[in-house]
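Q: Pasted the sequence and its predicted model underneath.
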Amino acid sequence: EVQLVESGGGLVQAGGSLRLSCAASGFTFDDYAIGWFRQAPGKGQEEISCIGSRDGSTGYEASVKGRFTISINNAKDTVYLQMNSLKPEDTAVYYCAAASGSERLCRGGMDEYGNWGQGTQVTVSS
């Protein structure tokens, strides 16, 4: 069964850090674009970062650039999102999504990706 499994969410104070993981199960990230999305209460999904599995090219949404870092461990078929200097407005459910074709990064919508995970909650207290 093809799955993406996110982990690493939790409750953290403003200014703190969390590292999210997105592990592939049933397939490998050999030529994939992987995106991290988030959805805050009452808001739509937004893609905040992406990475290409072949060359590690990355992209970031403006509000997280400089604070979040996306990376990939191809040996473990796992993508990470290191989140530093967290703010209360970062509170959301975070999802990862993957699609074949690593050259096409940051596709904008989860429906542009073929696989996505169940999400992990991140709550940042002020």
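A: Okay, I see it. Numbering: from 1, shown residues only.

Q: pLDDT score for the nearest residue to Gly35 once chain neighbours are set aside?
A: Nearest non-adjacent residue to Gly35, counting by Cβ to Cβ, 6 or more residues apart in numbering: Cys50, 4.2 Å away. Where you see a C-beta, it was placed from the backbone N, CA and C, and this is true even at glycine. Cys50 is assigned a predicted lDDT (pLDDT) of 98.

Q: Next: Gly114.
A: Gly114 is given a pLDDT of 86.

Q: Would you agree it is in contact with Gly101?
A: No: with contact defined as Cβ atoms under 8 Å, Gly114 does not reach Gly101; the gap is 9.8 Å.

Q: Secondary structure element holding the residue nearest to Gly35?
A: strand 45-52 (DSSP states H and E).

Q: Give the pairing partners of that strand; include direction for each.
A: Under the criterion DSSP bridges, strand 45-52 sits next to strand 32-39 (antiparallel), strand 58-60 (antiparallel) in its sheet.

Q: Next, the buried residues of the longest one.
A: Judged by neighbour count (16 or more other Cβ atoms under 10 Å), strand 32-39 contains these buried residues: Tyr32, Ala33, Ile34, Gly35, Trp36, Phe37, Arg38.

Q: pLDDT of it, averaged?
A: 97.

Q: hmm, back to that, out of the strands paired with strand 45-52, which is closest to Gly119?
A: Among the strands paired with strand 45-52, strand 32-39 comes nearest to Gly119, with 7.9 Å by Cβ to Cβ.

Q: Dump the C-alpha coordinates for that closest one into PDB.
A: Only the C-alpha atoms of strand 32-39 are listed here, as PDB (Å, rounded to 0.1, in the frame of the first residue of the first chain):
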ATOM      1  CA  TYR A  32       9.500  12.800  -6.800                       C
ATOM      2  CA  ALA A  33       8.400  16.300  -5.900                       C
ATOM      3  CA  ILE A  34       7.400  16.400  -2.200                       C
ATOM      4  CA  GLY A  35       5.500  19.300  -0.700                       C
ATOM      5  CA  TRP A  36       4.600  20.400   2.800                       C
ATOM      6  CA  PHE A  37       1.200  22.000   3.200                       C
ATOM      7  CA  ARG A  38      -0.600  23.400   6.200                       C
ATOM      8  CA  GLN A  39      -4.200  24.200   7.000                       C
END
